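S.K.: Quick one, fold the following:
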Amino acid sequence: TFLKFKVACKTFLRAMESTNHPIVLFLDDVQWMDEGSRELLDMLLQDFDFSNVLFVFAYRDEDSDKVQGLLEKQALVADIQLAHLSASAVYQIVSSTVKTHSETVRELSDLIAKRTAGNPFYVSQFLDILQQEGLLSLSSSGAWIFEVDIIQREIMIL
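M.R.: Reported below is the predicted structural model:
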């Protein structure tokens, strides 16, 4: 049952950890963890006597209240908050995506930076949506084609 599973997880981590082979457990989107997973993780953290296991939790800042209970149980917690991308960083992403540097690319990246507030995930999603909607396309010669004015009009609809 679930108790046996929890014991098995703890036993497995103990068997795998060593000074020569530390373990890093990266858990993404912890704010969406189900109750069973939270219970398992809570048990591992409460009984934490693993010297060579590092838990790394990633979660959205706006959902931090959902993970605070887990984090409060640990004496050694480093909270690293990632800032939104600057307009310059968004430009670098867009220009590397379309493989060119131009004023038009700058206009597109400024538009994307404003619409996404510099959130890296949203920048990527925005570029994907532009491509899906045919607003950003690859020509037969391999050049990316887009019209900032058309994109600006169309995103008001999207």
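S.K.: Please count neighbours and contacts with C-alpha atoms only from this point.
M.R.: Noted.
S.K.: Just give me the neighbour total for Gln125.
M.R.: Per other Cα atoms under 10 Å, the neighbour tally for Gln125 reads 13.
S.K.: Trp32 too?
M.R.: Using other Cα under 10 Å, Trp32 has 14 neighbouring residues.
S.K.: cool, and the one 10 residues further on?
M.R.: A total of 16 residues lie near Asp42 under the criterion other Cα under 10 Å.
S.K.: quick one: secondary structure of it?
M.R.: What DSSP: H, G, I helix; E, B strand; the rest coil gives for Asp42 is helix.
S.K.: which residues does it contact?
M.R.: By Cα atoms under 8 Å, 6 or more residues apart in numbering, the contact list for Asp42 reads Leu70.
S.K.: where does it land on pLDDT?
M.R.: Asp42 carries a pLDDT score of 81 in this model.
S.K.: Quick check: which ranges of this protein have low pLDDT?
M.R.: Scanning the chain with the threshold set as pLDDT under 70 gives 47-50, 71-77, 157-158.
S.K.: Identify the residue nearest the geometric centre of it.
M.R.: By Cα atoms, centre = their mean, the chain has its centre lying nearest to Phe121, at 6.5 Å.
S.K.: Okay, and that residue sits in which element?
M.R.: helix 120-132 (DSSP states H and E).
S.K.: Which elements pack onto that helix?
M.R.: For helix 120-132, the elements it packs on are helix 103-116, judged by 3 or more Cα pairs under 8 Å, 6 or more residues apart in numbering; DSSP states H and E.
S.K.: residues making contact with the helix it packs on?
M.R.: Contacts to helix 103-116, defined as Cα under 8 Å, 6+ apart, come from residues Ser86, Ala87, Val90, Tyr91, Val94, Ser95, Gly118, Tyr122, Val123, Phe126, Val148, Gln152.
S.K.: and the second one, how many residues sit next to it?
M.R.: When counting by other Cα under 10 Å, one arrives at 18 neighbours for Ala87.
S.K.: Now do it against Glu35, distance only.
M.R.: Using Cα to Cα, to the nearest Å, Ala87 is found at 39 Å from Glu35.
S.K.: Fine, thanks again, bye for now.
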